[in-house]
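>>> Sequence and computational prediction follow.
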Amino acid sequence: MAQIGYSKKVMEHFMNPRNVGVIENPDGYGQVGNPVCGDLMEIFITVKEDRVDDIKFRTFGCGSAIAVSSMVTEMARGRTLDEAMLITRKDVADELDGLPPQKMHCSNLGADALHAAIKNYWVKIGKIKPEEAAPEEGEEGESCGR
Ligand code: FES
């Protein structure tokens, strides 16, 4: 089988993903889907003193999506919500030492679900209006390649 060049970090997070699971009654919940492959990502957060206190994810995604979500949960934990909102899709991919080009779009799910969970919390506490929590438009609309 052709080797498409997954980094060691991607493989490590794929084999041993962090923060898998569900938080009952989370402060924030985000769900995003990839319209092309139908992959789905959910992120649950609890918030303490304006920081991400606990975070878990669940995904029906590919191996890259699993590695990305594992990494994004590690990156977000302990950060203020404003800081966590600044974590971009590219930051996650960079932190994993890159993803194969045809898998770059998989990194979208992690950051987008994180942002959706934070916005969900902000709507609950009245910081933003529900219409401001609309999902982010995909920057690139390419397919999953599978
Ligand atoms: Fe669809 Fe990775 S998220 S193939």
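Alright, I've got the coordinates.

>>> and the longest helix along the chain, C-alpha only, in CSV?
Using DSSP state H to define each element, the chain has its longest helix at helix 106-124. Presented in CSV, the C-alpha positions along helix 106-124 are these (Å, rounded to 0.1, in the frame of the first residue of the first chain):
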residue,chain,number,x,y,z
CYS,A,106,-9.8,16.9,8.0
SER,A,107,-8.1,19.4,10.4
ASN,A,108,-11.1,21.7,9.8
LEU,A,109,-13.4,19.5,11.8
GLY,A,110,-11.4,19.8,15.1
ALA,A,111,-11.0,23.6,15.2
ASP,A,112,-14.5,24.2,13.8
ALA,A,113,-16.1,22.0,16.5
LEU,A,114,-14.1,23.6,19.2
HIS,A,115,-15.2,27.1,18.0
ALA,A,116,-18.8,25.9,17.8
ALA,A,117,-18.7,24.6,21.4
ILE,A,118,-17.3,27.9,22.7
LYS,A,119,-20.0,29.9,20.8
ASN,A,120,-22.6,27.6,22.1
TYR,A,121,-21.5,28.5,25.6
TRP,A,122,-21.3,32.2,24.8
VAL,A,123,-24.9,32.0,23.5
LYS,A,124,-26.0,30.4,26.8
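
>>> Who are the contact partners of the residue most central in space within the chain?
Centroid-nearest residue in the chain, with C-alpha atoms, centre = their mean: Gly110, separated by 1.6 Å. Listed by C-beta atoms under 8 Å, 6 or more residues apart in numbering, the contact set of Gly110 reads Met41, Ile43, Phe57, Ala65, Val68, Ser69, Met71, Val72, Arg89, Val92. To be clear about C-beta, it is placed using only N, CA and C from the backbone, and glycine gets the same treatment.
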